[in-house]
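1. Mind folding the following:
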Amino acid sequence: MSGKAFQLEKVSRAFGAVEVLRELSLTIARGEFVAVVGPSGCGKTTLLNLLSGYDQPSSGVIQRDGEVRMVYQQDGLFPWLTVAENIALGLRHLKDEAERTRQTNELLRLIRLESFDQHYPHQLSGGMRQRVELARALAGASDILLLDEPFSAVDYLTRLRLRQELARLLAERPRTVALVTHDIEEAAQLADRVIVLSERPARIQYELSIAAPRPRDLTHPEVVSAIHRILTELGIEHDYEKAVGNL
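-> Numbers count the residues shown, from 1 in each chain. Below is the predicted model of the structure:
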């Protein structure tokens with residue numbers, strides 16, 4: 001699997017009589033950022049769980065090369081630990097306490113929360129908590145980041161800022177990334193490649209590559225084009241244009 005983080009061959013997943021994924025084949029290269037979009041309930045999170053190894057396919061083969069960290073819709077910070085202590089959990093493999101502290105401080109610098117190191121999660125905004133969650137996921141030797149709707153619980157303006165933060169963090173600490181999202185703008189702004197899944201049982205309906213460097217502005221021609229292409233594949237382009245026109 002040289003150069004490949006994931007190789008899926010004819011992967012299917014069913015839960016009893018409910019077939020969620022059907023013979024899905026997909027390769028994700030090392031260092032690639034892939035976003036997965038599709039209709040609600042089509043199996044996006046199921047696919048992410050298969051990539052993580054938390055779930056196993058009913059049939060087909062998944063090859064994974066790398067250590068995985070995940071970030072979920074709701075942050076998984078421990079409320080009784082400070083920001084620094086939550087981040088340090090991602091570095092618990094380090095036996096040298098001084099090195100663990102050094103790397104924790106470096107991650108605090110990366111997410112620009114150095115002055116909040118002794119704060120507890122309830123003292124932070126939703127966006128700040130997600131930045132801490134990202135820092136913990138980027139800690140240590142993991143080279144694959146799986147994101148399950150990581151910004152869906154925050155408001156729109158915060159999501160825009162967090163996209164920029166994620167692009168900046170990945171520029172400093174590159175990872176292979178698989179992002180599941182309902183947010184078409186998010187996929188177009190962040191991903192090197194967007195995978196559009198069909199209705200359940202899901203197959204890959206369309207793949208779109210985006211070459212523009214990150215960070216990308218929403219008005220960048222490639223981003224605008226990608227959004228319209230994805231919406232067309234999902235059959236909701238006219239609804240989107242109507243909604244935008246009513247703003």
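2. Residue 196 belongs to a helix, doesn't it?
-> No. Going by DSSP: H, G, I helix; E, B strand; the rest coil, the assignment for residue 196 is strand, not a helix.
3. buried set for the longest helix seen in the chain?
-> Counting by DSSP state H, the longest helix found in the chain is helix 156-172. Residues of helix 156-172 classed as buried: 158-160, 162-167, 169-170 (neighbour count, 16 or more other CB atoms under 10 Å). In short, each C-beta sits where N, CA and C put it, glycine included.
4. Ok, stretch 207-216 next?
-> Residues of stretch 207-216 classed as buried by neighbour count (16+ other CB under 10 Å): 208, 210, 212, 214-216.
5. Farthest-apart pair in the residues you listed, please.
-> Across the buried residues of stretch 207-216, the longest distance by CB to CB is 18.7 Å; it joins 208 and 215.
6. Mind exporting the C-alpha coordinates of stretch 189-205 to PDB?
-> Taking C-alpha atoms only, stretch 189-205 is exported to PDB below (Å, rounded to 0.1, in the frame of the first residue of the first chain):
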ATOM      1  CA  GLN A 189     -13.400  24.900   0.600                       C
ATOM      2  CA  LEU A 190     -11.300  22.200   2.300                       C
ATOM      3  CA  ALA A 191     -11.000  19.000   0.200                       C
ATOM      4  CA  ASP A 192      -8.600  17.900  -2.500                       C
ATOM      5  CA  ARG A 193     -11.300  15.500  -3.600                       C
ATOM      6  CA  VAL A 194     -15.100  15.300  -2.900                       C
ATOM      7  CA  ILE A 195     -16.900  11.900  -3.000                       C
ATOM      8  CA  VAL A 196     -20.600  12.200  -3.600                       C
ATOM      9  CA  LEU A 197     -22.600   9.200  -2.300                       C
ATOM     10  CA  SER A 198     -25.900   8.100  -3.700                       C
ATOM     11  CA  GLU A 199     -29.000   7.300  -1.800                       C
ATOM     12  CA  ARG A 200     -28.900   4.100   0.400                       C
ATOM     13  CA  PRO A 201     -27.600   1.600  -0.400                       C
ATOM     14  CA  ALA A 202     -24.800   4.000  -1.100                       C
ATOM     15  CA  ARG A 203     -22.400   3.800  -4.000                       C
ATOM     16  CA  ILE A 204     -20.000   6.400  -5.200                       C
ATOM     17  CA  GLN A 205     -22.100   8.500  -7.500                       C
END
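7. average model confidence for it?
-> Stretch 189-205 shows a mean pLDDT of 96.
8. circling back: closest to residue 13 among the buried residues of stretch 207-216?
-> residue 208 (23.8 Å).
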